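Trainee: starting from these lines, generate the structure:
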Amino acid sequence: MSHILTVAVDAGDRARALVLLASLGGLPTKPERLGAKQADEHRNPSQPRAKKARGGRELELGLGTQLPPGRNALGKQRGNEMLFCPTCANCLIIQLDDQGNNKWSCHTCPYEFPIVRQMTTRLHLKRKEVDDVMGGEESWKNVDSADAPCPKCENPKAFFMQLQIRSADEPTRILSARDASGGGTWLGVTRSGAFATLTNFTEATPELPPGMERFESRGQLVRDWLLSSHPSPQTRQEVEKDIQQYLNNVGDKLQSYPGFNLLVGKVSKQGTVVGYITNRDSQGELAKPQPKIFDPPKIERVRMCRGMSNSILSEPWPKVHTGSQAFDAALGRASPASDQEQLVADLFSVLAFSSNPTQRSELRNSILIPPVQLPTPAGDGDWYATRTSTVILIAKDGRATFVERDIHTLNHNIPTQIPPGKAQRSFSWNLLD
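Mentor: Here you go, the predicted model:
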């Protein structure tokens, strides 16, 4: 489960029109998975670096990955090709082994296997599935396909599609991490100022609705909003209409997901618009669709701060109260002439608050979670801790800043706190470009 504090702000005539904070707790994943081998990373020097995080999560700008030059088994230039399994969103890239032979290397886990089959060029009937999952025809082009078991989801009927990824020199739209297992994300922002974040609702494992074999991935809800958002500036009315329509669509399938809180929004020409929906009520039962769009402050120069964690929005946990107050105080110290680096530092201090919880029931009091070993049915325990913290700033002049810090990792199955600033990724751009 992820524990995230997210606060949206509409600050009247202040310099900062929107600030988002997020603290991501590590999923209850076994230590050896958190320490899995990372895939090779290559980028164009002009492209912001894509950073692979522990636990099978990847931070990237856009949906493409630029691969190194070379040739694949088909004799084609390898620089922008990969395989994709639409069943589980597993991606494989072509690399050379120690003997110089081609091999598939899993882009999202340490799996590798030699290339032993030839593929012929043909248009696959399920081309649209790839477009839907990976961001549209402009981002992806089907080159080759082959029916084969997927080494990750082990579905014998899965098929791989060899895809051509857009060049890293082309402009990209989305900045987010990506869940390796579901292909979705929990927090992201687009070049044009659309944003979304999601938290899991803390609950026992819910029962599947009749007729469903498994729940859909909640991370798709964030990803789908970012992909569907209009790339150009819009009026407030246009943004409200888009948000309302998207939340209505989500409301039609609330039963398809485990419990969640979803916040979506976009910066418009007349200010920021934020919408919210959840599929749980105050009793923890399946909620009726009640999408909400937050009204802007009625009075100028009034700051509006809201927090969200792993309960419903109307019943915030103690750490939401703590974080919202500290967040408001940090903004109160800022001014249009303030140094942005100092503001970012102050906001990371908000995310660093910890009540030093030692058991699951105490997690709702602490924003930063130190390593806690939670019991599991198998009895071996899973490590849980804050893995990353993120600050997103969008100024009224269109300047946007995204800063993410790694907080904890696992080395040889031992949880380790990363020194502040030692593992940080920063991106800046202008929404008007």
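Trainee: in the stretch 251-400 of the chain, which spans are helices?
Mentor: Ranges of helices in the stretch 251-400 of the chain, per DSSP state H, counting those that start in this stretch, are 318-333, 340-351.
Trainee: can you pull the buried residues of the shortest one?
Mentor: This means helix 340-351. Neighbour-count burial for helix 340-351 flags 340, 343-344, 346-348, 350-351 (criterion: 16 or more other Cβ atoms under 10 Å). No exception for glycine: its C-beta is placed from N, CA and C like everyone else's.
Trainee: ditto for the first one
Mentor: With burial defined by 16+ other Cβ under 10 Å, the residues of helix 318-333 counted as buried are 319-320, 322-324, 326-327, 330-331.
Trainee: can you check what angle separates it from helix 340-351?
Mentor: Angle of helix 318-333 versus helix 340-351, following axes from the mean of the first three to the mean of the last three Cα atoms, to 10 degrees, is 160 degrees.
Trainee: tally up the residues packed near the closest residue in space to residue 192 that isn't next to it in sequence, please.
Mentor: Among residues not flanking residue 192 along the chain, residue 231 sits closest, at 5.2 Å (Cβ to Cβ, 6 or more residues apart in numbering). Look at residue 231: counted by other Cβ atoms under 10 Å, it has 11 neighbours.
Trainee: ok, now which ones touch residue 231?
Mentor: 173, 190-192 (Cβ atoms under 8 Å, 6 or more residues apart in numbering).
Trainee: and the residue lying closest to residue 364 once chain neighbours are set aside, how far from residue 177?
Mentor: With sequence-adjacent residues excluded and distances taken as Cβ to Cβ, 6+ apart, residue 364 is closest to residue 317, at 4.0 Å. Going from residue 317 to residue 177 by Cβ to Cβ, to the nearest Å gives 23 Å.
Trainee: which of those two has more residues huddled nearby?
Mentor: For residue 317 versus residue 177, neighbours defined as other Cβ under 10 Å are more numerous around residue 177 (24 against 21).
Trainee: report the buried residues of stretch 238-245.
Mentor: By 16+ other Cβ under 10 Å, the buried positions in stretch 238-245 come out as 238-240, 242-243.
Trainee: now, which of these sits nearest residue 428?
Mentor: residue 239 (22.8 Å; Cβ to Cβ).
Trainee: so the closest one sits right up against residue 274, yeah?
Mentor: No: contact status for residue 239 versus residue 274: not in contact, 9.8 Å apart, counting by Cβ atoms under 8 Å.
Trainee: one step back: just flag the most distant two among the buried residues of helix 318-333.
Mentor: Most distant of the buried residues of helix 318-333, by Cβ to Cβ, are 319 and 331, 18.2 Å apart.
Trainee: assumed the residue nearest to residue 192 was part of a helix.
Mentor: No: checked against DSSP: H, G, I helix; E, B strand; the rest coil, residue 231 lies outside a helix; its state is coil.
Trainee: tell me how far it lies from residue 393.
Mentor: 21 Å.
Trainee: repeat for residue 401
Mentor: Distance from residue 401 to residue 393, by Cβ to Cβ: 4 Å.
Trainee: more neighbours, those two?
Mentor: Neighbours per residue, other Cβ under 10 Å: of residue 401 and residue 393, the larger number sits with residue 393, 21 against 18.
Trainee: if that one is in a bridge, with which residues?
Mentor: residue 19, residue 401 (DSSP bridges).
Trainee: state the pLDDT value of it.
Mentor: What the model reports as pLDDT for residue 393 is 90.
Trainee: pLDDT below threshold where in the stretch 201-350 of the chain?
Mentor: Applying pLDDT under 70 to the stretch 201-350 of the chain flags residues 296-304, 337.
Trainee: from residue 247, how far off is the residue nearest to residue 351 when sequence neighbours are not counted?
Mentor: Nearest residue to residue 351, sequence neighbours excluded (Cβ to Cβ, 6+ apart): residue 389, at 4.3 Å. Going from residue 389 to residue 247 by Cβ to Cβ gives 27 Å.
Trainee: also residue 274?
Mentor: Using Cβ to Cβ, one obtains 11 Å as the distance from residue 274 to residue 247.
Trainee: fine by me, we can end here.
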